[in-house]
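# Just to be clear, the model below is a prediction. Sequence and coordinates:
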Amino acid sequence: MDDVVRVRFAPSPTGHLHVGNVRTALFNWLLARRFGGTFIVRLEDTDAARSTRESERTIIEDLEWMGLRWDEGIETGGDHGPYRQSERLHIYRAHAVELMARGHAYRCFCLPEELEMDRYAALRDRRPPKYVGRCRDIPPEQARRRVEDGASSTIRFRIPSDREVVFNDVVRGEVRFSTEVLGDPILVRSDGSPAYNFAVVIDDALMRISHVIRGEDHLSNTPRQVLLYEAFGWTPPAFAHVSLVLGPDQSPLSKRHGATSVTEFRSQGYLPEALTNYLALIGWSPGEGHELLPLDELARRFQLEDVGHSAGVFDVEKLAWVNRHYLKLAEPERLVQLSIPFLRAKGWVLDPDVAALDFLASVVPLATASVDRLDQVPARLSFLFDYSATRALQVPATLAEAEAASVVIAALADVLAGSRPLIDRDAFRAAVAQVRERTGLKGKSLLHPIRLALTGEGEGLELDLAVPAIERGAALVGGGLVLMASAAARAAAFHQALGELGA
């Protein structure tokens, strides 16, 4: 590995950050951290029609959320800026002029209709659809006069004939391309904007990028870029083309497979350390038995040479497994802050005070112990904030059981009416013991009606945890939380509703 590692991530701000792209960013970041190098983030925003500052802000937020802070680039600055391609147009123009002066590039005046006819003819004759070279031999002076007369033109790169471009890919080994299938690519479009293959070479060279780690869909671009490096007299970086991230059906991961962007996974309540840890495992392994590791340890173990070239499948179930691991490790206060937006969306939490936050810190971990992601927390805590005796009687397969256990409900309401709040497990268990003594029932026949009456649900959190949580919540008046009914009030309401149903 070279002494100086400089890598970059260069997204286009035309939408949300796809997890396949952010895995590429992650591999770049890991390599930089592994060798004490520099991680650069720049933007390929020359598509003015689709690039937006909103998308740029989202990309920045997503990278920061994942912990992939960059050392140089947009917002951070550095010695090799600007870091937006739209601010580097003068640099591309100067280098295009230099290539034409050296005879490596030329003006092309072909109309779009001509190029389309050429493409159609090549496909019809089963030939590679490459540029036919119609303008390749126009004398430079003639081309200049045509431009001065107002003719529209592009600038094309002159691909050498009868060459084989060979480069060693860190992931894929030796790769060979014949120039006979390449054609002369456009470097600068007629509107003056640079083409991808041109701008990326100039940016990488001037920013002294040592390793280009990107998706395998860019592999076919690499021979053109190698030839551009050669034309400028520059040394190419080391290339590493990693596999694409596929869906379960082995097709490129897309919307039909569910969430695909970092923003979507954030909005569903995945933890950043879970997503980064999981993405690192797609195509690379930190070692057997060491899948669950924090970012700094992943970086310590990362070796670019160990990245596999086989396609990796995005497994939502494995991501959920990783997320559950990190939910268990997270501090209660952090889980509360991350869960509040989901609880607020339900109208259960507004602006919680200190007492309310303490209460949430005692109940949110109870919910996160049995969920895959944080947007599932409200469903696990609905027994606290959204109790309804009437609705509980409407739960399928519970009405008949509740009616048959009316004696339990009556005893429960009576016991709780004369007891202190069941603020801990011992108090709850003592109340259940009294109901058992009065009814002579035990097991499911006893506990299931109690669960229905106190939580409004047929299943859920252990009752000796759920009921004390209900009592603590009911003791809070205001504080930024919706009012919660006590266990005694719930038992009485359920008893009344059951009686009205029987009447």
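Perfect, I can see it now.
# domains for this structure, by residue range?
With domains defined by automatic domain parsing, the chain comprises 6-84+245-318, 88-242, 331-503.
# among those domains, which is nearest residue 324?
Closest of these to residue 324 is domain 331-503, at 6.2 Å (criterion: C-beta to C-beta). The C-beta positions use only the backbone N, C-alpha and C, and glycine is treated the same way.
# about what we covered before: just so I know, which of the domains of the chain lies nearest residue 325?
Nearest to residue 325 among those is domain 6-84+245-318 (5.4 Å), distances taken as C-beta to C-beta.
# Any idea which residue is closest to the centre of this protein?
Nearest to the mean C-alpha position of the chain, counting by C-alpha atoms, centre = their mean, stands residue 262 at 2.1 Å.
# thinking it is in contact with residue 62, fair?
Yes - Residue 262 lies in contact with residue 62 (C-beta atoms under 8 Å); the separation is 4.0 Å.
# Could you tell me which residues touch both of those two?
The contact sets of residue 262 and residue 62 overlap at 16, 17, 22 (C-beta atoms under 8 Å, 6 or more residues apart in numbering).
# burial count for the second one?
The burial metric for residue 17, expressed as a neighbour count using other C-beta atoms under 10 Å, is 24.
# quick one, what contacts it?
Residue 17 sits next to 11, 58, 59, 62, 63, 261, 262, 263 when contact means C-beta under 8 Å, 6+ apart.
# Same check on the last one?
By C-beta under 8 Å, 6+ apart, the contact set of residue 22 is 62, 63, 66, 68, 262, 279.
# out of those, which are inside helices?
Using DSSP state H, the members of those that fall within helices are 62, 63, 262, 279.
# Hmm, the second one is touching residue 41, no?
Yes - counting by C-beta under 8 Å, a contact exists between residue 63 and residue 41, whose distance comes to 6.8 Å.
# what do these two both touch?
Taking C-beta under 8 Å, 6+ apart as the contact rule, residue 63 and residue 41 both touch 9, 25, 70.
# Out of these, name the ones that lie in helices.
Within those, residues falling in helices by DSSP H are residue 25.
# Highest neighbour count among the shared contacts of residue 63 and residue 41?
In terms of neighbours by other C-beta under 10 Å, these top out with residue 25 at 27 neighbours.
# Contact partners for the nearest residue to that one once chain neighbours are set aside?
For residue 25, ignoring the flanking residues on the chain, the nearest one in space by C-beta to C-beta, 6 or more residues apart in numbering is residue 9 at 4.1 Å. By C-beta under 8 Å, 6+ apart, residue 9 lies in contact with 24, 25, 28, 29, 39, 40, 41, 42, 63, 70.
# Between those, which sits nearest residue 127?
Out of the contacts of residue 9, the member with the shortest distance to residue 127 (by C-beta to C-beta) is residue 24, at 33.1 Å.
# so how far is residue 267 from the closest one?
Distance of residue 24 to residue 267, computed by C-beta to C-beta, to the nearest Å: 22 Å.
# neighbour-wise, which of these two wins?
Neighbours around residue 24 and residue 267, counted as other C-beta under 10 Å, are more numerous at residue 24. The numbers are 24 against 15.
# All the strands of the stretch 301-450 of the chain, in order from the start?
In the stretch 301-450 of the chain, the strands defined using DSSP state E, counting those that start in this stretch lie at 312-313.
# which residues touch residue 130?
Contacts of residue 130 were listed using C-beta under 8 Å, 6+ apart, and they are 122, 181, 182, 183, 184.
# brain fart, residue 284
Going by C-beta under 8 Å, 6+ apart, the list of residues near residue 284 reads 27, 302, 306, 307, 308.
# Quick check: which ranges of the stretch 1-150 of the chain have low pLDDT?
Counting by pLDDT under 70, the stretch 1-150 of the chain shows low-confidence ranges at 1-3.
# Surely residue 298 is in contact with residue 30?
Yes - using C-beta under 8 Å, residue 298 is in contact with residue 30, at 6.0 Å.
# neighbour count winner among these two?
Higher neighbour count among residue 298 and residue 30: residue 30, with 28 against 21, using other C-beta under 10 Å.
# Check which helices and strands the helix or strand harbouring residue 174 is in contact with.
Using DSSP states H and E, residue 174 falls within strand 173-178. Counting contacts by 3 or more C-beta pairs under 8 Å, 6 or more residues apart in numbering; DSSP states H and E, strand 173-178 is packed against strand 164-169, helix 222-232.
# re earlier: for the contacts of residue 22, which one is nearest residue 46?
Minimum distance to residue 46 across the contacts of residue 22 is 20.5 Å, recorded for residue 63 (C-beta to C-beta).
# hang on, the earlier thing: just the ones in helices among the contacts of residue 22 now: which is nearest residue 315?
residue 279 (11.4 Å).
# how close does the nearest residue to that closest one once chain neighbours are set aside sit to residue 155?
Sequence neighbours aside, residue 23 is the residue nearest to residue 279 in space, at 4.3 Å (criterion: C-beta to C-beta, 6+ apart). Look at residue 23 and residue 155: by C-beta to C-beta, they are 34 Å apart.
# What of residue 41?
Distance of residue 41 to residue 155, computed by C-beta to C-beta: 28 Å.
# In contact with the residue lying closest to residue 109 once chain neighbours are set aside, which residues?
Once flanking residues are discounted, residue 109 sits nearest to residue 153: 5.1 Å by C-beta to C-beta, 6+ apart. Counting by C-beta under 8 Å, 6+ apart, residue 153 touches 107, 108, 109, 143, 146, 147, 190.
# Distance to residue 203, mean neighbour count and mean pLDDT added to the helices and strands packed on strand 173-178, as TSV?
Converted to TSV, the helices and strands packed on strand 173-178 look like this (distance: least, C-beta to C-beta, whole Å; neighbours: other C-beta atoms under 10 Å; pLDDT from 0 to 100):
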stretch	distance to residue 203	mean neighbour count	mean pLDDT
strand 164-169	19	14	97
helix 222-232	11	20	98
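# Would you format these as TSV with distance to residue 91 included?
What follows is the helices and strands packed on strand 173-178, written out as TSV (distance: least, C-beta to C-beta, whole Å):
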stretch	distance to residue 91
strand 164-169	25
helix 222-232	13
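# Select, out of the ones you listed, the one closest to residue 415.
Set against residue 415 and scored by C-beta to C-beta, those come closest in strand 164-169, at 73.5 Å.
# one step back: what residues are up against the residue nearest to the centre of the chain?
Contacts for residue 262 (C-beta under 8 Å, 6+ apart) come out as 16, 17, 18, 19, 22, 62, 65, 66, 275.
# what's the most distant pair in these?
Farthest apart among the contacts of residue 262 by C-beta to C-beta are 18 and 65. That separation is 15.0 Å.
# related to what we said a few turns ago, what is in contact with residue 298 and residue 30 at once?
residue 280.
# Please name the residues that touch the residue lying closest to residue 56 once chain neighbours are set aside.
Of all residues not flanking residue 56 in the chain, residue 13 sits nearest, at 4.0 Å (C-beta to C-beta, 6+ apart). Taking C-beta under 8 Å, 6+ apart as the criterion, residue 13 is in contact with 43, 45, 51, 52, 53, 55, 56, 59.
# Pull out the buried residues from those residues.
The neighbour-count criterion (16 or more other C-beta atoms under 10 Å) marks 43, 45, 51, 55, 56, 59 among these as buried.
# from the residues you listed, which is closest to residue 433?
Nearest to residue 433 among the buried ones among the contacts of residue 13: residue 59, at 58.8 Å, using C-beta to C-beta.
# pLDDT value on residue 171, please?
Residue 171 is assigned 96 on the pLDDT scale.
# Tell me, how many residues neighbour it?
Neighbour count for residue 171, taken as other C-beta under 10 Å: 20.
# re earlier: now render the shared contacts of residue 63 and residue 41 as a markdown table, adding distance to residue 80.
A markdown table is the format used below for those (distance: C-beta to C-beta, whole Å):
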| residue | distance to residue 80 |
| --- | --- |
| 9 | 15 |
| 25 | 18 |
| 70 | 13 |
